[in-house]
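Chemist: Need coordinates for the following:
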Amino acid sequence: VHLVESGGGSVESGGSLNLSCTASGFTFGHYAMSWVRQAPGKGRELVSAISTGSSKIYYADSVKGRFTISRDNAKNTVYLQMNSLKPEDTAVYYCNLKTAIPRGDYWGQGTQVTVSS
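Modeler: Alright, predicted model coming up:
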């Protein structure tokens, strides 16, 4: 399993970024995918998750109405469109895959998002 995030950067408050996570090494369309972030000095927070066919989507309350998760199974890619960014969104954002059989927990290298006020 290989997960590669991209699209992070530095923006001002109110700005937008679109993160991408390109996956390989497994049948992407068979698995739900998640975005998780970790802010400096804090634990990891589940930001958003999407089911295999995009019919079920979860957002943390902190990002509802501002972030949009999507996926393109043909491109083995999951996206996170982030709008109206706030300084508290500053974190390293990770793409995450969890599998049940066999049990696995896979992470990308992360992409830094920095939002200045």
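Chemist: Please make it C-alpha for all contacts and neighbour counts, starting now.
Modeler: OK.
Chemist: give me every residue that touches the residue nearest the centre of the chain.
Modeler: Nearest residue to the geometric centre of the chain (CA atoms, centre = their mean): Trp35, 2.6 Å. Counting by CA atoms under 8 Å, 6 or more residues apart in numbering, Trp35 makes contact with Leu46, Val47, Ser48, Ala49, Leu80, Tyr93, Tyr94, Cys95, Asn96.
Chemist: Also Thr99?
Modeler: Tyr31, Asp105.
Chemist: what bridges to it?
Modeler: Residues in a beta bridge with Thr99, per DSSP bridges, are Gly104.
Chemist: His30 versus the nearest residue to Phe67 once chain neighbours are set aside, what's the distance?
Modeler: The shortest distance from Phe67 to any non-neighbouring residue, by CA to CA, 6 or more residues apart in numbering, is to Met82 (4.5 Å). Distance, Met82 to His30, by CA to CA, to the nearest Å: 25 Å.
Chemist: now do Arg103
Modeler: Counting by CA to CA, the gap from Arg103 to His30 is 15 Å.
Chemist: Which one's more surrounded, these two?
Modeler: His30 (11 against 7; other CA atoms under 10 Å).
Chemist: so what's that one up against?
Modeler: Going by CA under 8 Å, 6+ apart, the list of residues near His30 reads Thr52.
Chemist: Now find how far off-centre stretch 107-117 is within its chain.
Modeler: The chain centre lies 10 Å from the centre of stretch 107-117; the measure is CA atoms, centre = their mean, to the nearest Å.
Chemist: buried ones in that stretch?
Modeler: Trp107, Gly108, Gly110, Thr111, Gln112, Val113, Thr114, Val115, Ser116 (16 or more other CA atoms under 10 Å).
Chemist: How about stretch 34-53?
Modeler: For stretch 34-53, using 16+ other CA under 10 Å, the buried residues are 34-39, 46-52.
Chemist: returning to what we had before: export the contacts of Trp35 as TSV, with columns for pLDDT, distance to Gly8 and secondary structure.
Modeler: Below are the contacts of Trp35 laid out as TSV (pLDDT from 0 to 100; distance: CA to CA, whole Å; DSSP: H, G, I helix; E, B strand; the rest coil):
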residue	pLDDT	distance to Gly8	secondary structure
Leu46	98	17	strand
Val47	98	15	strand
Ser48	98	16	strand
Ala49	98	18	strand
Leu80	98	10	strand
Tyr93	98	8	strand
Tyr94	98	11	strand
Cys95	97	12	strand
Asn96	98	16	strand
